[in-house]
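1. Sequence and predicted structure below; questions after.
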Amino acid sequence: GAVVSQHPSRVICKSGTSVKIECRSLDFQATTMFWYRQFPKKSLMLMATSNEGSKATYEQGVEKDKFLINHASLTLSTLTVTSAHPEDSSFYICSAITDKSEAFFGQGTRLTVV
Amino acid sequence: GENVEQHPSTLSVQEGDSAVIKCTYSDSASNYFPWYKQELGKGPQLIIDIRSNVGEKKDQRIAVTLNKTAKHFSLHITETQPEDSAVYFCAANEGGSYIPTFGRGTSLIVHP
C-alpha cells in the first residue's frame, strides 16, 4: 500500500507555545489530506479536510485559528496547534487520499502540553 | 450523511479461533468500504477493502463480505494469532465522496 509519513511521533511542549505536525505522502500525490484527533479508546474524529492549493475545510466545532492547516504541495500538509493548552493534548493523525479514494494514515503524533 | 454502526465493541477469542466484526451503514450510495487495524500508539493501517460491485474479497486469513441490500459488511479473520490483537475500524465512503465515515471500533483480543 501507499506510505504516509507523519512527524514527529511524539512532542511535548509548554502551554502557550505552538507545535507543527507534518504529514507527507511518500510515494503518491495527494490532493486531499485529512487531519483527525483521537481520544483514548475512541474512534477518529475528523478535524479538517486539507486541500492542496486552497483553504482547509474545518468540521463544526474545530477552531480554524487554533488549528492552522497548510497544504502547500501535493505531498505535504501541516497542522499547527497554536497557543497550545493542556486540553489540546491528544493523538493527532493525518491521512492522505489516493486517486482510487483509498485513505492511508500516518503513524500519528502524541502531543502533550505541559 | 452516512452513519456507520460497528459491533461488537470488544471481542475476545482464543488463538486459532475465527473472529467476525460486523458493520452497518445508512447511505445506500456508499460504494467503498475499507477496514483498518490500529495498534496501540500507531495510526490505522488499511488491511482490506471492498467496493460495492463485489460481494466478497479475501486476502490470506482476512476476508470481507458485503451485502448491499441489507447495507452491512463484515470482516472475518481466521486462525487468529496474538499479533492480530488490535482495534479494528470499519468505514464507509458516502457515494461520490472521498471522506470515510468510521465505525466506533472493535477491540480484538487474541489469547495465546
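-> Great, that's in hand.

2. what lines up beside the lowest-mean-pLDDT helix or strand in chain B in the sheet?
-> Here the helix or strand of chain B ranked lowest by mean pLDDT, DSSP states H and E is strand B:100-102, holding a mean of 91. Sheet pairing for strand B:100-102, assigned by DSSP bridges, gives strand B:86-93 (antiparallel).

3. coming back round to it: next helix or strand past the least confident helix or strand of chain B?
-> Downstream of strand B:100-102, the first helix or strand assigned by DSSP states H and E is strand B:106-111.

4. residue in chain B nearest to chain A?
-> In chain B, the residue that lies nearest chain A is B:Gly43 (3.9 Å; CB to the nearest CB). No exception for glycine: its C-beta is placed from N, CA and C like everyone else's.

5. and that residue, what does it touch?
-> The contact partners of B:Gly43, taken as CB atoms under 8 Å, 6 or more residues apart in numbering or on different chains, are A:Val4, A:Gln6, A:Ile93, A:Ser95, A:Phe105, A:Gly106, A:Gln107, A:Gly108.

6. switch to 10 Å and redo it
-> A:4, A:6, A:9, A:36, A:38, A:44, A:91-95, A:104-109, B:36 (CB atoms under 10 Å, 6 or more residues apart in numbering or on different chains).

7. can you check A:Ser95 too?
-> For A:Ser95, counting by CB under 10 Å, 6+ apart, the contacting residues are A:4, A:6, A:23, A:25, A:30, A:32-36, A:44, A:46, A:50, A:77, A:102-106, B:36, B:43-44, B:46, B:100.

8. Show me just the buried residues among those.
-> Buried subset of the contacts of A:Ser95 (neighbour count, 16 or more other CB atoms under 10 Å in any protein chain shown): A:4, A:6, A:23, A:25, A:30, A:32-36, A:44, A:46, A:50, A:77, A:102-106, B:36, B:43-44, B:46, B:100.

9. Tell me which of these fall in strands.
-> Residues of those located in strands (DSSP state E): A:4, A:6, A:23, A:25, A:32-36, A:44, A:46, A:50, A:77, A:103-105, B:36, B:46, B:100.

10. Report the beta-bridge partners for the residue in chain A positioned nearest to chain B.
-> Minimum separation of chain A from chain B (CB to the nearest CB) falls at A:Phe105, amounting to 3.9 Å. Note on A:Phe105: beta-bridge partners by DSSP bridges are A:Ser95.

11. Would you check that it makes contact with A:Tyr92?
-> No: with contact defined as CB atoms under 10 Å, A:Phe105 does not reach A:Tyr92; the gap is 11.2 Å.

12. Overlap of the contact sets of these two?
-> Shared contacts of A:Phe105 and A:Tyr92 (CB under 10 Å, 6+ apart): A:Gln6, A:Cys23, A:Tyr36, B:Gly43.
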